[in-house]
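S.K.: How does the following fold in three dimensions:
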Amino acid sequence: MLRLNGKVARVSILGLVCAVLFLLATGCFSGSATVASAQPSSSRNGPVIIANFNVPVDPGSSTFMARVVSTAQSQHAAAIVIEMNTPGGYLSDMLDIVNSITDANASGIPTYTFIVPNGLGASAGSYIAMATNSILMGPGAEIGPSTPIVVGGTALEQNHTEDAMIELMESLATDWGRNVTAVFNMVYGDQAFTTSQAIAYHVAEGSANSLTDALSQWGLSGNAQVTLNENFYEQLLSALSNSTLDGILILLGIVAIVIDFLHPTIILTILGVIAIVAGLIGAEVIGASWLGIILLIIAAALIILELKLGHGFALIAGVILGAIGIYFLSFNLSYSPSPIGDFTIVELALVVVFGVIAGLYIRWVVGPVRRRSKLTGAESLIGKTGVVTADLKPKGEVRVEGVIWRAESLSGNIGKGELVTVKSLNGLVVMVEKAPEKAS
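M.R.: Okay, the predicted model is just below:
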């Protein structure tokens with residue numbers, strides 16, 4: 001998906017590639033030209049807006065960076081400093097953030113990146129850093145690798161996306177006079193550079209031991225500082241942008257509601273509905289794969305079927321299928337790096353374990369309780385034989401298993417002392433028929 005001006009829109013892999021090529025062709029990423037033309041509108045005496053980018057690249061952080069730029073523009077900031085430590089994320093949101101940086105430069109506000117000590121400017125984050133006027137890196141920091149991943153995509157889709165990202169990275173490096181060959185290797189060869197390597201290969205402009213040191217090198221140590229972090233809405237967007245979390249919320253929400261039907265608490269139903277709604281919103285935000293959504297719908301049907309069957313196996317099968325659906329939610333989305341790693345597999349395995357435990361709970365605990373309730377209540381009378389204690393004309397009384405019940409005959413009048421069979425219940429009245437005579 002591609003998010004522009006805060007709105008969410010889905011785009012195909014081809015659309016993502018075309019968007020990059022169009023922006024390159026129109027010079028949208030030509031930072032050196034835009035800064036020169038718009039420099040008068042900036043104020044070197046204005047505050048420095050520091051963006052705490054210790055977050056993944058996703059819809060939440062792209063919304064955050066748009067807010068950072070608008071704040072800088074409204075306050076006539078001297079500069080924007082991105083204090084970076086990111087593992088990367090969605091390519092579409094990376095493009096949005098690069099656009100925000102371009103907007104800042106177009107309004108005369110330079111943008112700088114400081115990759116914190118032992119921090120990362122990895123994957124999608126490396127493109128964001130490359131779009132800024134200057135990059136300084138702390139001790140132990142790394143920039144790259146930058147290889148894009150189309151999860152579940154064809155070889156052609158992967159190649160098209162990789163080619164587009166190579167052109168983008170080379171264009172950004174050219175704008176700020178950085179080493180085009182080195183950044184090509186970051187994308188094509190999955191190369192990462194340490195601080196010393198990045199400086200040696202002219203991928204970064206220098207090193208700094210701290211943010212204070214970096215500000216001093218940029219000539220900004222005397223300016224007031226305004227530090228911005230993701231607000232609650234942006235954090236929520238970031239959380240819901242995790243396809244694995246979205247799928248787990250949907251699946252666990254369904255399981256919670258089913259368990260609540262079998263063992264009523266109402267609390268589980270409320271929590272389940274909240275979880276399902278949150279998961280569906282997240283799936284919409286990221287433009288999740290329809291294959292994953294369809295598998296989750298089938299899984300939901302199996303889990304709901306458990307209400308009728310009550311043996312636990314349908315719930316177990318539904319959760320296993322749901323885990324597979326969660327895995328497929330991220331297919332055909334473009335990332336750097338891939339969102340599917342060892343931790344994701346562990347999460348899905350825990351979901352399956354939860355489903356098995358819930359299914360066994362229904363089979364061994366809830367199921368027997370339900371069966372016992374059917375055997376001990378009034379419904380247990382159906383099919384039993386009783387004796388008429390007060391003539392049925394057609395209403396009267398019968399004794400069944402030592403208990404006197406009000407009764408109504410379904411087969412005409414029946415005299416006192418005759419045997420009857422209970423056929424059904426109508427409230428507290430047993431509906432009976434004359435019992436068939438036994439053969440002598």
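S.K.: Quick check: buried residues in stretch 246-266?
M.R.: For stretch 246-266, a neighbour-count test (16 or more other CB atoms under 10 Å) marks 246-260, 262 as buried. From N, CA and C alone the C-beta is placed, and that goes for glycine too.
S.K.: now stretch 86-106
M.R.: When burial is assessed from 16+ other CB under 10 Å, stretch 86-106 yields the following buried residues: 86, 88-106.
S.K.: and if you look at stretch 48-58?
M.R.: Using 16+ other CB under 10 Å as the test for burial, stretch 48-58 gives 48, 49, 50, 51, 52, 53, 55, 56, 57, 58.
S.K.: From residue 316, how far out is the nearest residue to the last one once chain neighbours are set aside?
M.R.: Read it as residue 58. Distance criterion CB to CB, 6 or more residues apart in numbering; nearest residue to residue 58, sequence neighbours excluded, is residue 241 at 4.0 Å. Shown here: residue 241 relative to residue 316, a distance of 29 Å by CB to CB, to the nearest Å.
S.K.: swap in residue 296?
M.R.: Residue 296 is 16 Å from residue 316, where distance means CB to CB.
S.K.: of those two, who's got more company?
M.R.: residue 296 (28 against 22; other CB atoms under 10 Å).
S.K.: low-confidence ranges in the stretch 301-440 of the chain?
M.R.: Judged by pLDDT under 70, the stretch 301-440 of the chain has its weakly predicted residues at 365-379, 438-440.
S.K.: could you pull out the strands for it?
M.R.: Remark: strands assigned in the stretch 301-440 of the chain by DSSP state E, counting those that start in this stretch are 334-336, 385-390, 395-400, 403-409, 419-426, 429-434.
S.K.: Export those strands to JSON lines and append columns for mean neighbour count and distance to residue 116.
M.R.: Supplementary listing: the strands of the stretch 301-440 of the chain in JSON lines, determined by neighbours: other CB atoms under 10 Å; distance: least, CB to CB, whole Å:
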{"stretch": "strand 334-336", "mean neighbour count": "26", "distance to residue 116": "20"}
{"stretch": "strand 385-390", "mean neighbour count": "17", "distance to residue 116": "83"}
{"stretch": "strand 395-400", "mean neighbour count": "18", "distance to residue 116": "80"}
{"stretch": "strand 403-409", "mean neighbour count": "17", "distance to residue 116": "78"}
{"stretch": "strand 419-426", "mean neighbour count": "17", "distance to residue 116": "73"}
{"stretch": "strand 429-434", "mean neighbour count": "19", "distance to residue 116": "78"}
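S.K.: Columns distance to residue 76 on top of the ones you listed, output as JSON lines?
M.R.: As requested, the strands of the stretch 301-440 of the chain are exported to JSON lines (distance: least, CB to CB, whole Å):
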{"stretch": "strand 334-336", "distance to residue 76": "34"}
{"stretch": "strand 385-390", "distance to residue 76": "92"}
{"stretch": "strand 395-400", "distance to residue 76": "90"}
{"stretch": "strand 403-409", "distance to residue 76": "88"}
{"stretch": "strand 419-426", "distance to residue 76": "80"}
{"stretch": "strand 429-434", "distance to residue 76": "84"}
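S.K.: and of these, who's closest to residue 148?
M.R.: Of all these, the one in closest proximity to residue 148, counting by CB to CB, is strand 334-336 (4.8 Å).
S.K.: Run me through the strand neighbours of the closest one, direction for each.
M.R.: For strand 334-336, the paired strands and their directions (DSSP bridges) read strand 89-90 (antiparallel), strand 149-150 (antiparallel).
S.K.: ok, residues contacting that strand?
M.R.: Defining contact as CB atoms under 8 Å, 6 or more residues apart in numbering, one finds that strand 334-336 is touched by 13, 16, 88-92, 94, 123-124, 127, 146-151, 153, 161, 165.
S.K.: Could you do stretch 272-280 as well?
M.R.: Here stretch 272-280 makes contact (CB under 8 Å, 6+ apart) with 240, 245-250, 252-257, 260.
S.K.: for stretch 231-238, which positions count as buried?
M.R.: Across stretch 231-238, burial judged by 16+ other CB under 10 Å covers 234, 236, 237, 238.
S.K.: Kindly format the C-alpha coordinates of that stretch as PDB.
M.R.: Taking C-alpha atoms only, stretch 231-238 is exported to PDB below (Å, rounded to 0.1, in the frame of the first residue of the first chain):
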ATOM      1  CA  ASN A 231       2.000  10.100  19.900                       C
ATOM      2  CA  PHE A 232      -0.600   7.500  21.000                       C
ATOM      3  CA  TYR A 233      -2.400   7.500  17.600                       C
ATOM      4  CA  GLU A 234       0.900   7.000  15.700                       C
ATOM      5  CA  GLN A 235       1.900   4.200  18.200                       C
ATOM      6  CA  LEU A 236      -1.400   2.500  17.700                       C
ATOM      7  CA  LEU A 237      -1.000   2.700  13.900                       C
ATOM      8  CA  SER A 238       2.500   1.200  14.300                       C
END
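S.K.: Mind checking the pLDDT average for it?
M.R.: Across stretch 231-238, the average pLDDT comes to 95.
S.K.: Hmm, residue 296 and residue 250 touching each other?
M.R.: Yes - in terms of CB atoms under 8 Å, residue 250 counts as a neighbour of residue 296; the distance is 5.6 Å.
S.K.: list residues touching both of these two?
M.R.: With contacts taken as CB under 8 Å, 6+ apart, the residues that reach both residue 250 and residue 296 are residue 322.
S.K.: which residues in the stretch 201-350 of the chain form helices?
M.R.: Counting by DSSP state H, counting those that start in this stretch, the stretch 201-350 of the chain has helices at residues 211-217, 232-240, 243-262, 267-286, 290-309, 313-328, 342-361.
S.K.: now the fourth one: how far from the chain's centre is it?
M.R.: The chain centre lies 10 Å from the centre of helix 267-286; the measure is CA atoms, centre = their mean, to the nearest Å.
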